[in-house]
Every structure is written in structure tokens, then in C-alpha cells.
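A.B. asks: Here is my input, please return the structure:
(one chain, ligands or ions: 2)
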Amino acid sequence: MSDAQPRAASDELIANVIAVASGKGGVGKTWLSISLAQAMARQGQRVLLFDGDLGLANIDVQLGIQPGMDLGTAIERQMPLSRAVISYPSGGFDLIAGRSGSGSLASMPVNRLQHLAAGLRQVSEGYDRVIVDLGAGIERPVRYLAGRAGYCLVVTTDEPTALTDAYALIKMVTLDAGGHGTPLGVPIGVAVNMAASREIGQRTHETLSKACDRFLKRQIPLLGVIRRDPKVRDAIAHQTPLLVRHPGSPAASDIEALALNLTQITAARTGNDPRHATAKSAAPSRARS
Ligand SMILES: Nc1ncnc2c1ncn2[C@@H]1O[C@H](COP(=O)(O)OP(=O)(O)OP(=O)(O)O)[C@@H](O)[C@H]1O
Ligand SMILES: [Mg+2]
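C.D. replies: Numbers count the residues shown, from 1 in each chain. Ligands and ions are numbered 1, 2, ... in the order given. Below is the predicted model of the structure:
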């Protein structure tokens, strides 16, 4: 995908959308997206979680729900995305589920991706934050959706392959936007997941950050380190969000800190005041029909 052509309105960034991407698969994007959605909802924000893993959607699996409507149906029937919104009361947020194994969604051409982004823009207007869980890899749909978000959170672990793929994703998204310094380029930050300790997570970020600084001439801040925690696996096995099942666990407190950092760093663009993002009460769900 090249940005040599003039940008359409659908190509502009959607300020309150946070895309969660990684390059390498299996680093914890889906779990982290769900947990972030819940943490932000508990901070008092109206949150929509969007399953943007167009080929292998599985937010519904991790949450143990069987949505009557999903993104694939809304696209097929040419319905507004708002018709696919379901509420997830125990998390305090709304959700647009994906459809797993949908090859047609995974290989969408640019014009259909633009249409999807326009729908996402429309539905995002009813929320403070929209978290988009992207698929692994650096293929066009991933880069397209990452590049339209108001903020892109790149998730990595300390594995060399995860770091290499995170760098490749950051590079491609930067190049798609016309290189560092272009006003339309999406701001990018990093979360290091499954870290043995906070210090090791910080070192992992330093490695990635040095490469981005040196070769891409862009600074990629660290927004959070989430420690490896057996409670994460337990929560997923029980198809229950971590903040419900193990609210006092190390990973839960790391997610809450990451959610606060993300809220603060994206506040300038969305106009949402992060000072309101400290209450622990669950936000009411904002399902729209
Ligand atoms: N902080 C953590 N501590 C321990 N285990 C974790 C942590 N984060 C994620 N995991 C484990 O990693 C597994 C993969 O997570 P997840 O499915 O969210 O990754 P993903 O990046 O979305 O994968 P894919 O690229 O296939 O979509 C989870 O099943 C969970 O067991
Ligand atoms: Mg996933």
C-alpha cells in the first residue's frame, strides 16, 4: 500500500481509536485488548472493544460468549456497524465481535477497508475509547487499520522474534504514512507483555526503542510492562476477564497502570480529561441498536 495518492476522508485518523497490534502472533494482544477495555471502563470511560482480527477473531472465545451478531454479518448485509454492537455487562463495555475463519474479511481490498474504517469512525462517536484488537502479521488489513487509529499500541514480548516483528510493523506503518514526521502518521507506543519483571520489560523496550530511533528516526515510548502471571492463563481458561477473576494479581495492576497511561497519552487528541479516569466503578454499558 502506498500513500502516493491523496488521502480520502476515510484515511484520516480516528482520534479515540486505539489499535492493538504486534507483528508476531501469540504475544497477548487479544487478552490485553479485553483487559484494557475493562480497565478503561472501570476508570469511568465509555468503551467499545472491536474485534479487528479479520481472519481469526477470538475475543468472543476468550469471553465465553456467543454473539448473535458479528462484524462479518454486518458487512455482508451492509448494515451500519452499530447494529453489530452487543453489550458485555460483566466487563462494563460494549463489543463488536468478529467472525473466526473468515477468509473474505482477512483479504479485504482497500476500498472495503476504507468502508470499514468509515463505519468504525461512525460507531466510535458514541464512545470515549474504542480498542481494536488486530490480527498478527504486517499484511495490509492490519497496517490499514493500525494506520487509521488515533493511537497504535504495539505489543511485544522479550523474544527476539517478537521484537523483530514489532520493529517490522512499526517500520511499515511509518512508511505507509509517508515516513517519520508526517502529520497524518499514527503515534505509536509499546507495551511489553509477559515480562519476567518490570526491569526486564524496560530493557526489552530499550532494545526496540534504540532500533526505531536509529533506523526510523522516531521515538517509541514505553506505555507499560505487564508481568508474566499464571493468573492470566487461569482467567482465559475460565473465559472470565482477569480484572473480574483476579483483580489483585500482578498482571491486573500492570494493566490498570497501562490503561491510565494510554488514557493520558491519548487525552489530548480525544479531548477526554484523564483526571476523570481514576474512579474504579464500572461504567454503564452503552449498547446501541
Ligand atoms: N501477562 C501474561 N502472563 C501469562 N500469560 C499470558 C500473558 N499474556 C498473555 N498470556 C498467554 O498468551 C496466550 C496468547 O494470548 P492472546 O491470544 O491474547 O495472544 P494474541 O497476540 O492475541 O494471539 P494472536 O496473534 O494469535 O491473535 C494466552 O492464551 C495466555 O495464556
Ligand atoms: Mg488475538
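A.B. asks: Now the residue of the stretch 151-289 of the chain found nearest ligand 2: closest residue in space that isn't a chain neighbour?
C.D. replies: Closest to ligand 2 within the stretch 151-289 of the chain is residue 155: 9.9 Å, counting by CB to the ion. C-beta: built from backbone N, CA, C; applies to glycine. Leaving aside its sequence neighbours, residue 155 sits nearest to residue 22 (CB to CB, 6 or more residues apart in numbering; 4.6 Å).
A.B. asks: Over to the residue of the stretch 151-289 of the chain closest to ligand 2. Which of the three states is it?
C.D. replies: Three-state call for residue 155 (DSSP: H, G, I helix; E, B strand; the rest coil): strand.
A.B. asks: Number of residues surrounding the nearest residue to residue 59 once chain neighbours are set aside?
C.D. replies: Closest residue to residue 59 apart from its sequence neighbours, by CB to CB, 6+ apart: residue 51 at 4.4 Å. Residues near residue 51, counting by other CB atoms under 10 Å, number 28.
A.B. asks: So for the helix or strand where residue 51 lies, what gets flagged as buried?
C.D. replies: Assigned by DSSP states H and E, residue 51 belongs to strand 47-52. By 16 or more other CB atoms under 10 Å, the buried positions in strand 47-52 come out as 47, 48, 49, 50, 51, 52.
A.B. asks: Which of those residues scores worst on pLDDT?
C.D. replies: In terms of pLDDT, residue 52 ranks lowest among the buried residues of strand 47-52, with 90.
A.B. asks: so what's that one up against?
C.D. replies: Contacts for residue 52 (CB atoms under 8 Å, 6 or more residues apart in numbering) come out as 19, 98, 132, 133, 134, 135, 145.
A.B. asks: ok, now with 6 Å
C.D. replies: 132, 133, 134, 145 (CB atoms under 6 Å, 6 or more residues apart in numbering).
A.B. asks: Measure how buried the nearest residue in space to the second one that is not next to it in sequence is and give me the count.
C.D. replies: Spatial nearest neighbour of residue 133, chain neighbours left out: residue 33 (3.8 Å); criterion: CB to CB, 6+ apart. Applying other CB under 10 Å, we find 26 other residues in the vicinity of residue 33.
A.B. asks: wait, does the one helix or strand residue 33 maps to contact ligand 1?
C.D. replies: Assigned by DSSP H and E, residue 33 belongs to helix 29-42. Yes: interface with ligand 1: helix 29-42 contributes 29, 30, 31 (CB under 6 Å from any ligand atom).
A.B. asks: Ranking by neighbours, what's the top pick from the contacts of residue 52?
C.D. replies: When those are compared by neighbour count (other CB under 10 Å), residue 134 ends up highest, at 28 neighbours.
A.B. asks: Pretty sure it sits against residue 21.
C.D. replies: Yes: the pair residue 134 / residue 21 is scored as a contact, 4.5 Å apart, by CB atoms under 6 Å.
A.B. asks: Just give me the least confident of the contacts of residue 52.
C.D. replies: residue 145 (90).
A.B. asks: that older thread, show the contacting residues for the residue nearest to residue 133.
C.D. replies: For residue 33, the contact set (CB under 6 Å, 6+ apart) comprises 20, 131, 133.
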